[in-house]
Structures are given as C-alpha cells and as structure tokens.
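Enquirer: Structure for the following, please:
(one chain, ligands or ions: 1)
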Amino acid sequence: AGCQEPIIPENVFRQEGRRRRTAAPCTVVIFGASGDLTRRKLVPALYNLTVEQLLGAGCSLVGYARREKSHAQFREEMHGAIQAFSRRKPDPAIWSGLEQGIYYCQGSFEDLEHYRQLKAMLDGLDRERGTGGNRLFYLATPPSYYAQIVRLLGESGLAEEMPGSWSRIIVEKPFGHDLESAHALNGEIGDVFQEEQIYRIDHYLGKETVQNILAFRLGNAIFEPLWNNRFVDHVELTVAESLGMEGRGAYFDEAGILRDMVQNHIFQVLTLVAMEPPVTLEADEVRDEKVKVLKSIRLLSPTEIYRSVVRAQYLGGAVAGKPARGILDEPNIPPDSRTETYVAIRLELESWRWAGVPFYIRTGKRLPRRVTEVSIHFKHPPYALFQSESSSSPSANVMVLRIQPDEGMSLTFNSKAPGQIMRLDPVRMDFNYATSFGAEPSEAYERLLLDCMIGDSTLFTRRDEVELSWRYITSILEAWRRPDAPGLATYEAGTWGPAEGDLLLHRDGRRWRRL
Ligand code: BG6
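Expert: Below you'll find the predicted structure:
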C-alpha cells in the first residue's frame, strides 16, 4: 500500500459524474421553426430529453417563424416530426405532457414590435409554467438573419439576464463564410450577448464517439504515452458520405465541402485528437487546449496549398448499386459550378508533440459509403526482426477510432501465424460501442441542448476557435481564387475520390487506409 503512483491525472474525468445533469426549467425559442432542423433534430431531441426526465418541470418550447400558424397546428406538426425522426416513437402520455408546453409565435425577423410580443409571451410562460425567466434562443434560420435577430433580441431586452435567471443563444452553422465574416458575426453577437451566453454549435461535438476520443486518450494510461511523434507515423481523418445534394444544392453550391465539413466538424475532431491533456474538463480549460492545436496548424503559401490540398467534384456514377447523377446535374446547381464536393488535405502541426507527423484529411459527398473515422498509424518497430507474408516487414500498428456508423475502436497488431516458421500476420482487437454497452449512442443534439440548458459550454466552439479555424480555411479559399490555381479534379460517384487525392499520400510513400 502507498506505493501506487496515480498514472492518469485523476481529476480530469472526476467532475462530470458529480455534475447535475438535469436542466432548470426554461423556455426554448427556435427562430426558423418551420425549417428542417427543427423537425429533424431539435424537437426529436427535446422529446428524448423529456423521456429521459432530464428537462426541468415546465420546460417550454416556442417556435418562432414567419408563417401564420396556430399553436395547435404547430403542435400537430411537431408530433409528426417526432413520429418521423425521433429515435423513440412518441408515447401518448409523454407527448401529451410535452405538447402542453409547445407554442407558436408568428413574427418577422426584422420587426422589433414582434420581438416585444415574443417577450410578452415569454413573460407569460414564466408566470404560468414556472420557467423563471430562463431563455434559450436557437438560431435555426438562414445565416443572413443571424445578426439582425441578435440585434433585435438585444433591443427588446431579451438578451438581458435578470438576477437568478439566464438567457443563452445557440448559433447554428455556418458561422460565417470566411475569416472576415466570422469575425464580423462574432462582433455583432458579442455586442449583445456576453461570450458566456453564446453557444456556437457543432453537432459533431455532441456525438458520443467524438467525446470518446478524449476518454480513450486520457482515461487510459496505455495510449497517451504513444500519442506523439516518437511513435506515430501519421494520422488519417476520413469523413465520407454516400449522399449527394439531397435538395440542398443552393446552399451547398455557395458553401462547398471545405466550408461545410472541414472548417467545423473535421477541425473539431482534429483538435480532440491532437490536443494536450487539459488540467480539468472545465469548458475553458478544454477549449484553451483546442485553440493551441488550431494555432499550431502550419499556414501554407499558395504554391504549397496547390500541392497539399486537392479539391474535386463528383461525376455521374453509381452508389451502392444505384445510379447517381453528377453534381452538375443536381437541382439548383449551375451547370458551370466549380464547387468542390471532395477535399483532401495534408497538414502539419507545428508543436513539440506533432512536429513531423502529417495529418491527412479527406471528406467527400457521393463516396461509396458513410463512414467517419480517425486512424492513428504507428511507426514500424525500430528493427525488422520478422518477416510477414505480404512484405519483407510486418505491417505497422493502426488504431482506428470509429466515429460512425459501427461506433467503436480497433487496434491492429501483429501475431505469429500458425505454422512451423516464424511469420507475422496482422490481427485485430475490436471494441464495439453497441455490443459493449448494449445501447446505441444518443443523438448529438440531445446532449448539446441539455448542456446549453445546464450552462456547460465545453462542447461548443469558442470565439477564438472559430476564427482560428477560418484563418486556415480562408487561406485555402483565397489560393483557389488565384489565376494560377490548379483546376478542379473529378471523381465518379461511388468511388473513393480522385487519383489526385491518392497521390497526396503516394508522394509520401503512404496510402489511404482501405475502408
Ligand atoms: C452537416 C453538413 O453539418 O453535417 C452536411 O452540412 C453533412 O452536408 C452533415 O451531411 C453530416 O452530419 P452527420 O451527423 O450525418 O455525419
């Protein structure tokens, strides 16, 4: 006794278990309540939080949108949304409880008078339902309305926090379209709300398996000592989707996949993979470390960008046996669109831990299947003592963090193959989230809505994070606009992307992990 040294800084995961995870009563106000996000994600998430009894009694929802609608109509629509999109189908008793707290407020986003009416409605709910002046505003409108809504929330007094109550705002993506616009938006929101009131949402951070990256790394003593440039050869991060435009052509044509996926989701995953252990899991401790990763990404000159960043568009092809048209034939895409639907990036982090370790990122629409994973490729043993069947030295160890689907983790290592000779073959050790825990991970929006109600901003993006990530992305966007920028590559729908994407790794003597 007394001789065991704690190896993991034990305070890192301690607080979470103790923290109260039930929200105080509040009213959630969704701006843009007629949109897809409300039906597909937000209301199903509120329903599931209700089922799990995580919302305070009296929690209410106000849908705010321009169309005329009665409370009853809105309730009916939301019931349909839960039926269609929730992971649990509506239970009549639970729904009838929730339904009583759902209201609709018709209003324009531009008219101060309508915000005053909203305020009167919320004050009334505080009295009737005991929501105590706690308000969560959710911006689910097209982003061009964000600044205006925030300004009018300020002018109508809705952003102000009364003693003992809170007012918070969740801002959906896209948060700006380049560094300048993100900076301006931060300024506009910051004029009205304090940073502690602002929750910039990135739903990838609400995914259990994304949070599991830190749990794997820092809740175990065996991985972290290897998590650096002494042992890691390179890291791959893939977010592949089999879907195409799915009716979002107009939005996507403006955005492109670099803005749609890399600036936010992929960079968030990257920071969790690469960050230093925080001292505690307090929001700012974690985000300080993530910011350091974003600061350490080496900025590239335009010529280096042409070599290190590949962009491409999908042509017609077939995905999972079904014919798929090319992006230029999708609705709301101009026939001369140059929007990228695939991007592959080789980037480097300038830090003691990661110097010399390339990070390869790829994401694309209309790839063969949906899969998000991070793979850590370790170095070969220092001396090749053994032979393998397929090559002169055994394959390197690979650790794969499977974010979705088939959530889990696997580790590939070498073992002696049966027989009279000493020959090594790779074998795999596998952890599967659903099998081990007997449960599917919950939906990202459930966790994030609850965190915001509780006032925990750990899984939300801080102002400096969003701007640093745009700094890197904007440098690429600017290089692409130069006349000497190489053209867009193409790939057939249903393939793993263009040859140029493979070349990015071949040039370094590597190749993408086969998925
Ligand atoms: C969204 C993007 O933020 O994320 C979509 O706008 C993308 O284009 C989606 O399809 C992917 O999210 P998920 O949770 O399905 O991986």
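Enquirer: who in the stretch 151-300 of the chain is up against the ligand?
Expert: 173, 241, 260 (Cβ under 6 Å from any ligand atom). Heads up, the C-betas are built off the backbone N, CA and C, glycines and all.
Enquirer: Reformat those as a markdown table; add pLDDT, neighbour count and secondary structure.
Expert: Formatted as a markdown table, these follow (pLDDT from 0 to 100; neighbours: other Cβ atoms under 10 Å; DSSP: H, G, I helix; E, B strand; the rest coil):
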| residue | pLDDT | neighbour count | secondary structure |
| --- | --- | --- | --- |
| 173 | 95 | 18 | coil |
| 241 | 98 | 19 | coil |
| 260 | 97 | 22 | helix |
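Enquirer: which residues touch the closest residue to residue 461 other than its chain neighbours?
Expert: Computed as Cβ to Cβ, 6 or more residues apart in numbering, the closest residue to residue 461 that is not its neighbour in sequence is residue 200, at 4.2 Å. Residues near residue 200 by Cβ atoms under 8 Å, 6 or more residues apart in numbering: 170-171, 175, 460-463, 466.
Enquirer: Kindly report the same for residue 476.
Expert: Per Cβ under 8 Å, 6+ apart, neighbours of residue 476: 258, 305, 309, 345.
Enquirer: now do 6 Å
Expert: Neighbour list for residue 476: 305, 309 [criterion: Cβ atoms under 6 Å, 6 or more residues apart in numbering].
Enquirer: Excluding residues flanking it in the chain, which one is nearest whichever residue of the stretch 251-400 of the chain sits closest to the ligand?
Expert: Nearest residue of the stretch 251-400 of the chain to the ligand (Cβ to the nearest ligand atom) works out as residue 260 at 4.8 Å. Leaving aside its chain neighbours, residue 260 sits nearest to residue 252 (6.6 Å; criterion: Cβ to Cβ, 6+ apart).
Enquirer: Can you list the buried residues in the helix or strand where residue 254 lies?
Expert: In the assignment (DSSP states H and E), residue 254 maps to helix 249-255. For helix 249-255, burial by neighbour count (16 or more other Cβ atoms under 10 Å) applies to 249, 252-253, 255.
Enquirer: Same list, these, but as a markdown table with distance to residue 317 and pLDDT please.
Expert: A markdown table is the format used below for the buried residues of helix 249-255 (distance: Cβ to Cβ, whole Å; pLDDT from 0 to 100):
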| residue | distance to residue 317 | pLDDT |
| --- | --- | --- |
| 249 | 18 | 94 |
| 252 | 18 | 96 |
| 253 | 20 | 96 |
| 255 | 22 | 95 |
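Enquirer: out of these, who's nearest residue 231?
Expert: residue 255 (37.2 Å; Cβ to Cβ).
Enquirer: separation between residue 89 and residue 41?
Expert: Shown here: residue 89 relative to residue 41, a distance of 16 Å by Cβ to Cβ, to the nearest Å.
Enquirer: I meant residue 267, not that one.
Expert: If you measure residue 267 against residue 41 using Cβ to Cβ, the figure is 21 Å.
Enquirer: okay, these two: which has more neighbours?
Expert: Set residue 267 next to residue 41 and count neighbours by other Cβ atoms under 10 Å: residue 267 wins out with 27 against 22.
Enquirer: helix or strand for the more buried one, which one?
Expert: Going by DSSP H and E, residue 267 is in helix 267-274.
Enquirer: Next, the most centrally placed residue in the chain: secondary structure please.
Expert: Taking Cα atoms, centre = their mean, the centroid of the chain lies closest to residue 204, which sits 2.2 Å from it. What DSSP: H, G, I helix; E, B strand; the rest coil gives for residue 204 is helix.
Enquirer: For it, which residues are in contact?
Expert: Contacts of residue 204 (Cβ under 6 Å, 6+ apart): 210, 265, 268.
Enquirer: what do you get for residue 449?
Expert: Contact partners of residue 449, counting by Cβ under 6 Å, 6+ apart, are residue 45.
Enquirer: returning to what we had before: name the member of the contacts of residue 204 that has the highest neighbour count.
Expert: residue 210 leads the contacts of residue 204 on contacts (other Cβ under 10 Å) with 26 neighbours.
Enquirer: what about stretch 344-353, average pLDDT?
Expert: Average pLDDT, stretch 344-353: 98.
Enquirer: contacting residues around it?
Expert: Contacts for stretch 344-353 (Cβ under 6 Å, 6+ apart): 228, 274, 296-298, 308-310, 358-362, 501, 504.
Enquirer: so which residue of the stretch 101-250 of the chain comes closest to the ligand?
Expert: For the stretch 101-250 of the chain, Cβ to the nearest ligand atom, closest residue to the ligand: residue 241, 5.5 Å.
Enquirer: these two touch, right, that residue and residue 364?
Expert: No: using Cβ atoms under 6 Å, residue 241 is not in contact with residue 364, being 7.0 Å away.
Enquirer: ends of stretch 166-183, how far apart?
Expert: 25 Å (Cα to Cα, to the nearest Å).
Enquirer: Provide the partner residues of whatever residue of the stretch 401-515 of the chain ends up closest to the ligand in its beta bridges.
Expert: Nearest residue of the stretch 401-515 of the chain to the ligand: residue 404, at 6.3 Å (Cβ to the nearest ligand atom). With DSSP bridges as the criterion, residue 404 is bridged to residue 372.
Enquirer: burial measure for it, as a count.
Expert: Residues lying near residue 404 (other Cβ under 10 Å) number 17.
Enquirer: What is the end-to-end distance of stretch 88-102?
Expert: 19 Å.
Enquirer: How about it, which residues are buried there?
Expert: By 16+ other Cβ under 10 Å, the buried positions in stretch 88-102 come out as 90, 94-95, 98-99, 101-102.
Enquirer: Done for today, thanks.
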